[in-house]
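Peer 1: what's the 3D shape of this:
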Amino acid sequence: MPENCKEYLIEKLKGYTKDDIIMSTHAIRQTMIRPVTIENIIENLLDPKRLSYALKEPAERAGEEKFVCYFGYSRRLCHCYVIVINAKVLVVTAYIINRRWQKEVEKHAKL
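Peer 2: Numbers count the residues shown, from 1 in each chain. Take a look at the predicted model:
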């Protein structure tokens, strides 16, 4: 069971700026059909005060780290981003969870 890598990811993100965040085509499309904006994503990654959980997943290439990040706004609202970190931060996808999301995360994370 993966562990919550929240503190590790917060430290990792400190070294990146707005110019280092790249949105994939898929992530940009998701911002057009879902109520999440590119500005929200960038703000959350640069100032991860809302980061509740960060689950590390296997990356496809050596030298990369992949995370599923949950940014909590309330008990029922959460932004979820899949990011890949190497020299830059690539946002693979972004979506919003509008239900009690903590239990979903707890099923997959060792807290």
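
Peer 1: would you say residue 19 is within a strand?
Peer 2: No. Residue 19: not assigned to a strand; according to DSSP: H, G, I helix; E, B strand; the rest coil it is helix.

Peer 1: so what's it up against?
Peer 2: Applying C-beta atoms under 8 Å, 6 or more residues apart in numbering to residue 19 gives no contacts. Backbone N, C-alpha and C define where each C-beta goes, glycine included.

Peer 1: Let me see the ranges of the helices in the protein.
Peer 2: Ranges of helices in the chain, per DSSP state H, are 6-13, 25-33, 38-46, 101-108.

Peer 1: Who are the packing partners of the third one?
Peer 2: The one in question is helix 38-46. Helices and strands touching helix 38-46, as assessed by 3 or more C-beta pairs under 8 Å, 6 or more residues apart in numbering; DSSP states H and E, comprise strand 21-23, helix 25-33, strand 78-85, strand 89-97.

Peer 1: Residue 89: what's its closest spatial neighbour, skipping adjacent residues?
Peer 2: residue 21 (4.8 Å; C-beta to C-beta, 6 or more residues apart in numbering).
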